[in-house]
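Trainee: what's the 3D shape of this:
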Amino acid sequence: NDHGKSIIMEATHGFVKLLCDPVTGCEHPQAPPGPAGCDTDWSIISESLYDKLDTLPSPPDSPLEVEWPEHIAQLRMGLGAGRVANADSVGLVIEQIERELAKPTSEWALASVTSEGDEVFRESVMTALEAYRTSLQTYLTVLTDEVLPQARGEDAVGLGALPDGPACYEARVASFTTLDRSAEDIHQLGLDEMARIHAEFQDLGESVFGTRDLTQIFDHLRTDEALLFDTSEEVQAMAEQALADARAAIPQAFGRLPQAEAVVAPVPDNEAPYTTIAYYREPSPDGGRPGTYYVNTYAPETRPRHEARVLAYHESIPGHHLQIAIAQELPDLPAFRRHMGMTAFVEGWALYTERLSDELGLYPEDIDRLGMLSFDAWRAARLVVDTGLHSKGWTRDQAEQYMIDNTPLATNNIANEVDRYITWPGQALAYKTGQIEIRELRSEAEAALGDDFDLSAFHDVVLGGGAVSMPELRRRVEQWVAQHE
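Mentor: Numbers count the residues shown, from 1 in each chain. Sure, this is the predicted structure:
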């Protein structure tokens with residue numbers, strides 16, 4: 001019926017927006033490839049859809065009917081103004097759409113909502129999805145016949161190659177970092193951070209592998225099969241152990257703890273081959289659903305053991321779960337402060353806790369600390385590569401080679417990372433700049449308060465206002481310091 005059609009259109013509306021940005025022409029880089037990779041829990045969605053079918057008023061035109069022509073018009077407007085994506089990114093989107101259109105509609109993950117409900121509901125959903133398929137085919141034709149022939153080449157992949165690109169990129173830098181720092185400044189910051197991390201790699205590499213040579217250390221971490229998991233069960237068990245260890249350790253560094261629990265779950269089977277190594281989903285505001293650390297157990301032989309703990313701490317406790325669950329439970333903040341926030345704070349906090357976890361004794365072996373350094377080098381490289389691509393005119397090959405030379409990331413992961421930086425300018429800068437700002441605020445507070453510095457109280461101040469901008473966080477911490485000097 002019309003109600004079912006409208007609701008399923010709303011469910012697909014997000015996927016429409018993920019597919020292609022009118023400026024970059026590429027998918028949202030963290031989105032898995034198309035409907036088969038959608039990271040939504042469709043059992044929850046289907047129940048919600050079915051319950052609401054008879055209660056919703058007659059809807060206006062569905063989002064899909066409005067979105068496709070409007071989105072295509074924006075792409076054509078961009079073409080006319082010389083604002084078009086690079087060819088590789090457009091090609092990836094085309095491949096993803098073609099892969100989905102090659103499947104029967106009934107095999108799309110979006111169609112899984114038909115597993116519940118009556119025949120009327122199922123027919124309504126499938127009718128809507130068939131209409132979606134037709135629109136997707138039209139969209140594919142526009143990308144193939146109009147956008148791809150005019151797409152930018154290998155020597156112009158960055159935002160700086162577009163009209164007004166340099167000014168646009170500086171605005172993106174300010175938006176994602178919430179700081180008044182130039183692209184050049186952040187590029188140098190990344191180089192400085194990488195030099196510091198490399199020195200730590202050399203010390204630990206000598207302890208673990210008997211060498212201070214970075215190339216040899218990175219090669220060990222990339223290629224030693226003994227460092228990889230054997231089974232999916234091992235991946236899951238390690239995630240659960242890391243979470244349990246962190247849960248036991250955090251009272252020594254935090255006063256306020258969330259009431260919402262955190263649990264571990266495997267990434268759903270339909271997503272696992274296409275999506276990232278892990279992600280976190282916040283608890284429901286009413287407390288009915290815990291925060292969930294989804295760990296990808298697919299192809300365990302590709303999952304490094306030495307990175308399992310740092311990954312768990314970043315995504316769950318003391319990282320995303322602690323920060324997001326505490327924010328949701330703050331009693332005196334408006335809803336938008338409790339449930340939304342700045343990327344630099346959210347990701348900067350999670351990256352800060354990777355090092356904090358070492359202070360809390362959560363890395364039992366030096367090999368685990370090498371995993372921590374691997375993650376830190378990865379985020380430092382983002383400062384260099386993102387600014388290199390969009391401000392300095394780097395090519396994809398330059399970006400990939402920098403990460404190969406300076407981090408132990410696997411080469412296939414590096415290719416995916418560079419795709420992300422090209423299609424999401426500035427976002428990757430938030431992690432490291434946020435971490436550094438929190439780290440510097442702590443150092444300044446420690447210096448000002450001396451023996452009176454209380455780490456738990458510091459963390460409570462940092463987390464006590466929601467995911468605020470870095471200038472607002474600085475104001476809060478400096479006010480706290482002044483009150484205790």
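
Trainee: just the helices in the stretch 351-485 of the chain please.
Mentor: Along the stretch 351-485 of the chain, counting by DSSP state H, counting those that start in this stretch, helices occupy 366-391, 396-406, 411-423, 429-449, 455-463, 470-484.

Trainee: what's the angle between the second one and helix 411-423?
Mentor: For helix 396-406 and helix 411-423, the angle between their directions (axes from the mean of the first three to the mean of the last three Cα atoms, to 10 degrees) works out to 130 degrees.

Trainee: what are the buried residues along helix 396-406?
Mentor: Within helix 396-406, the residues that qualify as buried are 396, 399-400, 402-404, 406, counting by 16 or more other Cβ atoms under 10 Å. Just so you know, the C-beta spots here come from the backbone N, C-alpha and C atoms, and that holds for glycine as well.

Trainee: any low-confidence regions in the protein?
Mentor: Applying pLDDT under 70 to the chain flags the ranges 1-67, 115-117.

Trainee: what segments of it are strands?
Mentor: Assigned by DSSP state E, the chain shows strands spanning 262-266, 278-281, 291-295.

Trainee: what helices and strands are in contact with the last one?
Mentor: In terms of contact count using 3 or more Cβ pairs under 8 Å, 6 or more residues apart in numbering; DSSP states H and E, strand 291-295 is assigned the packing partners helix 232-249, strand 262-266, strand 278-281, helix 308-315, helix 320-328.

Trainee: circling back: and the buried residues of helix 396-406 as a markdown table, adding distance to residue 139?
Mentor: Shown next, in a markdown table, are these (distance: Cβ to Cβ, whole Å):
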| residue | distance to residue 139 |
| --- | --- |
| 396 | 25 |
| 399 | 28 |
| 400 | 29 |
| 402 | 34 |
| 403 | 32 |
| 404 | 35 |
| 406 | 38 |
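
Trainee: and of those residues, the nearest to residue 287?
Mentor: residue 403 (41.3 Å; Cβ to Cβ).

Trainee: tell me the contacts of the closest one?
Mentor: With contact set as Cβ atoms under 8 Å, 6 or more residues apart in numbering, residue 403 has these partners: 381, 385, 409, 414, 417-418.

Trainee: circling back to that earlier point, which of the helices and strands packed on strand 291-295 has the highest mean neighbour count?
Mentor: Each of those was scored by mean neighbour count; the highest is helix 308-315, a mean of 26, by mean count of other Cβ atoms under 10 Å.

Trainee: list the helices and strands that helix packs on?
Mentor: Packing partners of helix 308-315 (3+ Cβ pairs under 8 Å, 6+ apart): helix 232-249, strand 278-281, strand 291-295, helix 343-359, helix 366-391.

Trainee: residue 188 is nearest to which of the ones you listed?
Mentor: helix 366-391 (8.8 Å).

Trainee: and the closest one, what does it pack against?
Mentor: Applying 3+ Cβ pairs under 8 Å, 6+ apart, one finds that helix 366-391 contacts helix 165-177, helix 183-209, helix 214-223, helix 308-315, helix 343-359, helix 396-406, helix 411-423, helix 429-449.

Trainee: tell me the angle of the fifth one relative to helix 165-177?
Mentor: Per the same axes, to 10 degrees, the angle that helix 343-359 makes with helix 165-177 is 50 degrees.

Trainee: could you check helix 343-359 and say which residues are buried?
Mentor: The neighbour-count check on helix 343-359 (16+ other Cβ under 10 Å) flags 343-358 as buried.

Trainee: circling back: now render the helices and strands packed on helix 366-391 as TSV, adding distance to residue 131.
Mentor: Listed next are these as TSV, based on distance: least, Cβ to Cβ, whole Å:
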stretch	distance to residue 131
helix 165-177	35
helix 183-209	43
helix 214-223	46
helix 308-315	37
helix 343-359	35
helix 396-406	37
helix 411-423	28
helix 429-449	37
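
Trainee: tell me which of these lies nearest to residue 142.
Mentor: Closest of those to residue 142 is helix 411-423, at 18.0 Å (criterion: Cβ to Cβ).

Trainee: and that closest one, what does it pack against?
Mentor: Partner elements for helix 411-423 (3+ Cβ pairs under 8 Å, 6+ apart): helix 87-101, helix 366-391, helix 396-406.

Trainee: out of those, which one sits most buried?
Mentor: The most buried one of the helices and strands packed on helix 411-423 (mean count of other Cβ under 10 Å) is helix 366-391, showing a mean of 24.

Trainee: distance from the chain centre to that one, please.
Mentor: The chain centre lies 14 Å from the centre of helix 366-391; the measure is Cα atoms, centre = their mean, to the nearest Å.

Trainee: how about stretch 77-86?
Mentor: The answer for stretch 77-86 is 27 Å, by Cα atoms, centre = their mean.

Trainee: list the buried residues of stretch 104-114.
Mentor: Buried-residue list, stretch 104-114, by 16+ other Cβ under 10 Å: 105, 108-114.

Trainee: identify the farthest-apart pair in those residues.
Mentor: So, the buried residues of stretch 104-114 by Cβ to Cβ: farthest apart are 105 and 113, at 12.5 Å.

Trainee: thought residue 133 was touching residue 101?
Mentor: Yes - here residue 133 reaches residue 101: they are 6.8 Å apart, a contact under Cβ atoms under 8 Å.

Trainee: number of residues surrounding the closest residue to residue 98 other than its chain neighbours?
Mentor: Nearest residue to residue 98 in three dimensions, chain neighbours excluded: residue 140, at 6.9 Å (Cβ to Cβ, 6 or more residues apart in numbering). When neighbours are counted by other Cβ atoms under 10 Å, residue 140 registers 18.

Trainee: residue 140 and residue 102 touch, don't they?
Mentor: No - in this structure residue 140 lies outside contact range of residue 102 using Cβ under 8 Å: 11.4 Å.

Trainee: now do the contacts for residue 172.
Mentor: Counting by Cβ under 8 Å, 6+ apart, residue 172 touches 159, 390, 425-427.

Trainee: what do you get if the cut-off is 6 Å, keeping everything else the same?
Mentor: For residue 172, the contact set (Cβ atoms under 6 Å, 6 or more residues apart in numbering) comprises 425-426.

Trainee: from residue 198, how far off is it?
Mentor: Distance, residue 172 to residue 198, by Cβ to Cβ, to the nearest Å: 28 Å.

Trainee: try residue 354
Mentor: With distances taken as Cβ to Cβ, residue 354 is found 17 Å from residue 198.

Trainee: now do residue 251: how many residues are near it, please.
Mentor: 10.

Trainee: equivalent analysis for residue 180, please.
Mentor: Around residue 180 there are 10 residues (other Cβ under 10 Å).

Trainee: excluding its backbone neighbours, what's nearest residue 302?
Mentor: residue 228 (6.8 Å).

Trainee: that should have said residue 238, apologies.
Mentor: Using Cβ to Cβ, 6+ apart, the closest residue to residue 238 is residue 308 (4.5 Å).

Trainee: ok, that neighbour touching residue 237?
Mentor: No - counting by Cβ atoms under 6 Å, residue 308 does not reach residue 237; the two are 9.7 Å apart.

Trainee: for residue 264, give its distance to residue 275.
Mentor: Using Cβ to Cβ, residue 264 is found at 16 Å from residue 275.

Trainee: how about the residue nearest to residue 348 when sequence neighbours are not counted, what does it touch?
Mentor: Once flanking residues are discounted, residue 348 sits nearest to residue 434: 1.6 Å by Cβ to Cβ, 6+ apart. By Cβ under 6 Å, 6+ apart, the contact set of residue 434 is 344-345, 347-348.
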